[in-house]
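Trainee: everything below, folded, please.
(2 chains)
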Number of protein chains: 2
Amino acid sequence: MSELAFIDWLRARTPAAASVLLGPGDDAAIVAPTGGPLVVTTDMLLEGSCFVLAEAGAAAVGRKAMNVNLSDCAAMAARPLYALVAVGLPRSADRRLAEGLFAGLQAAAHAEGCAIIGGDTNTWAGPLTIAVTLIGQATGRGPVRRSGAQVGDHLLVTGPVGGSIQGHHLTFTPRVQVALALHAQADLHALIDISDGLAADVWHLCTESGVGAELVAERIPLTPAALASTDGRSPLEHGLRDGEDFELILAVSPTDAERLVRTQPLAGLTLTDIGTIVPTGLWLLTTAGRQPLAPHGYEHRFGTDSQRGAG
Amino acid sequence: MSELAFIDWLRARTPAAASVLLGPGDDAAIVAPTGGPLVVTTDMLLEGSCFVLAEAGAAAVGRKAMNVNLSDCAAMAARPLYALVAVGLPRSADRRLAEGLFAGLQAAAHAEGCAIIGGDTNTWAGPLTIAVTLIGQATGRGPVRRSGAQVGDHLLVTGPVGGSIQGHHLTFTPRVQVALALHAQADLHALIDISDGLAADVWHLCTESGVGAELVAERIPLTPAALASTDGRSPLEHGLRDGEDFELILAVSPTDAERLVRTQPLAGLTLTDIGTIVPTGLWLLTTAGRQPLAPHGYEHRFGTDSQRGAG
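Mentor: Sure thing, here's the model as predicted:
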């Protein structure tokens, strides 16, 4: 299958969207979004580092590649509009790999009303690599950054954390609709999705906001996968460090936090108050008292072999 | 060097642009472009397939990764605004590779007034991979597609072709300013940049426009690299097939073609009339008469070993 035949295949599967003036097949797509500011994000998935192709299957890899970007869009409380997909296929790949990958990419995009408007298909001697770029649009309330958390705010999380590597990192639902619903119902001071790990991502939010945070250990909701872990690390440690949960962390006023937790406005999801914003530092409150919490989680490093975790 | 330290390095080097409300460092960048439709394109470069890192050097690879996208933006006659960069760095890479790469990416972007607003930095066991996405904006005359060529139009090319692999594929200037100048001075019916090769890209333009083309062999301007080739393929064959020239091909009315060639409005570049749009087919006119011209050039293929050329 050639790149051009594949572009034809893709074009035939690209639904018309009102603001897409030209989809795949020219030197660039043409779009004319109307309304508020745009959010733009890109995330690359790399075989052997972010997924094991033989275990996951092409469609699941495609879904993940799109969903990690949709999760970033959710973390701005924006509506996804357009996606572009660049792939490097192993030269030995057959048509089924490419079609499975794009079927997964498209299913994930369409589930959130997002159109794949362009791409670049290449072959090479290396492993599978996929880079997705996503363009979304802020609602009338504007995008929500990481940087607006205030001392006294409460931190809420949209679901349980930990043990994502057991499967959730491939099957998660990006919290796009959840973010839009929350944004409509409360004044979100700051928002982030959990990709690097709860502790690390709370710390990212704190760093951007110039504040600290105190997490209450016993309140942190843990997944069955984290609770069932038998690798010597505690379920809490998995919840704090594992990453790729793709739940949202939001900082809201104490009043909004109390109301959201009491009313639980999200169908099928439980909002949990896991801590508060403090002036400085990252802290964990346990029955033994307050202790410093190291902010590390998963982080890509280069020029070193100290890599850990899944990206 | 960690990803976060690298984001800091990048943020410090991201100039403020009026329509960029938020640059690198959050879940997504925020932009608020005002004006016409946006063009969006993505292109991925893969080590060993599109460049040889040890020969080219990191900065030249970074420049190429940005410039191939700027060339696609030029091929829409749009102004580049924003770029996003996703990279997969070999785990053994040192800080100099990453900094050289980004220095090249930034130099190329800034040369055309484009801001790098976001990215994703990863490490893995594979070779270097770089995916750039570029967002540009149409001028008041609108974007120029491949699809507007009309029978009787003349085809003009902005510079000589062939032998790009000798070095030009790393050092070319994307024809952004050239495209904007031409768009302001003439009614461009169709526009494409030469990435796959003159014959292939003329054919792409014809296919999208539902027409054919006749090229005049002796008029096709050839580079010194094509003229000096000693590999058994003729200079003309190099010019027609090699690809990665990154000159523009434009289809304009005979009147505009005559005027543009007579006045040569582009400083330092010579516009050459290489042929005409005909109802069907792709043809080469030589002293021996008119013969069919195969439309192939460089194309990525998968599920086969019939790959050739540089991508």
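Trainee: just the helices in the stretch 201-311 of chain A please.
Mentor: A:224-227, A:235-241, A:254-263 (DSSP state H, counting those that start in this stretch).
Trainee: for the longest one, buried residues please.
Mentor: For helix A:254-263, a neighbour-count test (16 or more other C-beta atoms under 10 Å in any protein chain shown) marks A:256-257, A:260 as buried. Just so you know, the C-beta spots here come from the backbone N, C-alpha and C atoms, and that holds for glycine as well.
Trainee: what packs against that helix?
Mentor: strand A:154-157, strand A:272-278 (3 or more C-beta pairs under 8 Å, 6 or more residues apart in numbering or on different chains; DSSP states H and E).
Trainee: comparing the ones you listed, which comes out most buried?
Mentor: Counting by mean count of other C-beta atoms under 10 Å in any protein chain shown, strand A:154-157 has the highest mean neighbour count of the helices and strands packed on helix A:254-263, with a mean of 24.
Trainee: mean confidence score for it?
Mentor: Mean pLDDT, strand A:154-157: 98.
Trainee: what pairs with it, parallel or antiparallel?
Mentor: strand A:248-252 (antiparallel), strand A:272-278 (antiparallel) (DSSP bridges).
Trainee: burial measure for A:A108, as a count.
Mentor: 27 (other C-beta atoms under 10 Å in any protein chain shown).
Trainee: so it sits in a helix?
Mentor: Yes - assessed with DSSP: H, G, I helix; E, B strand; the rest coil, A:A108 lies in a helix.
Trainee: right, and the strands paired with strand A:154-157 - which one's nearest A:D231?
Mentor: Nearest to A:D231 among those is strand A:272-278 (23.4 Å), distances taken as C-beta to C-beta.
Trainee: three-state assignment of A:N67?
Mentor: Here A:N67 is recorded as helix under three-state DSSP.
Trainee: surely it touches A:R175?
Mentor: No - if you go by C-beta atoms under 8 Å, A:N67 and A:R175 don't touch, sitting 10.1 Å apart.
Trainee: OK, contacts around A:G100?
Mentor: Going by C-beta atoms under 8 Å, 6 or more residues apart in numbering or on different chains, A:G100 touches A:57-59, A:62.
Trainee: and which of those is nearest to chain B?
Mentor: In terms of C-beta to the nearest C-beta, no member of the contacts of A:G100 lies closer to chain B than A:A58, at 12.7 Å.
Trainee: which element is the residue nearest to that closest one when sequence neighbours are not counted on?
Mentor: Leaving out its chain neighbours, the residue that sits closest to A:A58 by C-beta to C-beta, 6 or more residues apart in numbering or on different chains is A:G100, at 3.0 Å. Per DSSP states H and E, A:G100 falls inside helix A:95-111.
Trainee: the following helix or strand past that helix close to chain B?
Mentor: Next along the chain after helix A:95-111, taking DSSP H and E as the criterion, comes strand A:115-124. Yes - counting by C-beta under 8 Å from any C-beta of the partner chain, contacts between strand A:115-124 and chain B involve A:117-124.
Trainee: residues in the stretch 101-250 of chain A within reach of chain B, list them.
Mentor: Going by C-beta under 8 Å from any C-beta, the residues of the stretch 101-250 of chain A near chain B are A:117-127, A:129, A:131, A:133-136, A:138, A:143, A:145-147, A:191-193, A:208.
Trainee: Throw the residues of strand A:115-124 next to chain B into a markdown table and include pLDDT, thanks.
Mentor: Output for the residues of strand A:115-124 next to chain B, formatted as a markdown table (pLDDT from 0 to 100):
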| residue | pLDDT |
| --- | --- |
| A:I117 | 94 |
| A:G118 | 93 |
| A:G119 | 92 |
| A:D120 | 94 |
| A:T121 | 92 |
| A:N122 | 93 |
| A:T123 | 92 |
| A:W124 | 94 |
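Trainee: name the member of those with the most neighbours.
Mentor: Within those, neighbour counts (other C-beta under 10 Å) peak at A:G118, which reaches 32 neighbours.
Trainee: now do the end-to-end distance for stretch A:103-119.
Mentor: Using C-alpha to C-alpha, to the nearest Å, one end of stretch A:103-119 lies 14 Å from the other.
Trainee: scan chain A for its longest strand.
Mentor: strand A:78-90 (DSSP state E).
Trainee: quick check: angle from that one to helix A:95-111?
Mentor: Going by axes from the mean of the first three to the mean of the last three C-alpha atoms, to 10 degrees, strand A:78-90 is angled at 170 degrees with respect to helix A:95-111.
Trainee: which other helices and strands contact strand A:78-90?
Mentor: Using 3+ C-beta pairs under 8 Å, 6+ apart: strand A:78-90 touches strand A:29-31, helix A:58-74, helix A:95-111, strand A:115-124, strand A:129-138, helix A:176-185, strand B:38-46, strand B:129-138.
Trainee: just how off-centre is the second one within its chain?
Mentor: Taking C-alpha atoms, centre = their mean, to the nearest Å, one finds helix A:58-74 lying 8 Å from the centre of the chain it belongs to.
Trainee: and the angle for it with strand A:115-124?
Mentor: 130 degrees.
Trainee: using CSV, list the CA coordinates for helix A:58-74.
Mentor: Only the C-alpha atoms of helix A:58-74 are listed here, as CSV (Å, rounded to 0.1, in the frame of the first residue of the first chain):
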residue,chain,number,x,y,z
ALA,A,58,-2.7,-1.6,16.4
ALA,A,59,-6.2,-0.3,17.1
ALA,A,60,-5.5,0.2,20.8
VAL,A,61,-2.2,2.0,20.0
GLY,A,62,-4.1,4.3,17.6
ARG,A,63,-6.8,5.0,20.3
LYS,A,64,-4.1,5.8,22.9
ALA,A,65,-2.2,8.1,20.5
MET,A,66,-5.4,10.1,20.0
ASN,A,67,-6.7,9.9,23.5
VAL,A,68,-3.5,11.2,25.2
ASN,A,69,-4.0,14.3,23.1
LEU,A,70,-7.7,14.5,23.8
SER,A,71,-6.8,14.3,27.5
ASP,A,72,-4.5,17.4,27.1
CYS,A,73,-7.4,19.2,25.5
ALA,A,74,-9.7,18.2,28.4
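Trainee: can you name the residue of the stretch 101-250 of chain A nearest chain B?
Mentor: Nearest residue of the stretch 101-250 of chain A to chain B, counting by C-beta to the nearest C-beta: A:A131, 3.4 Å away.
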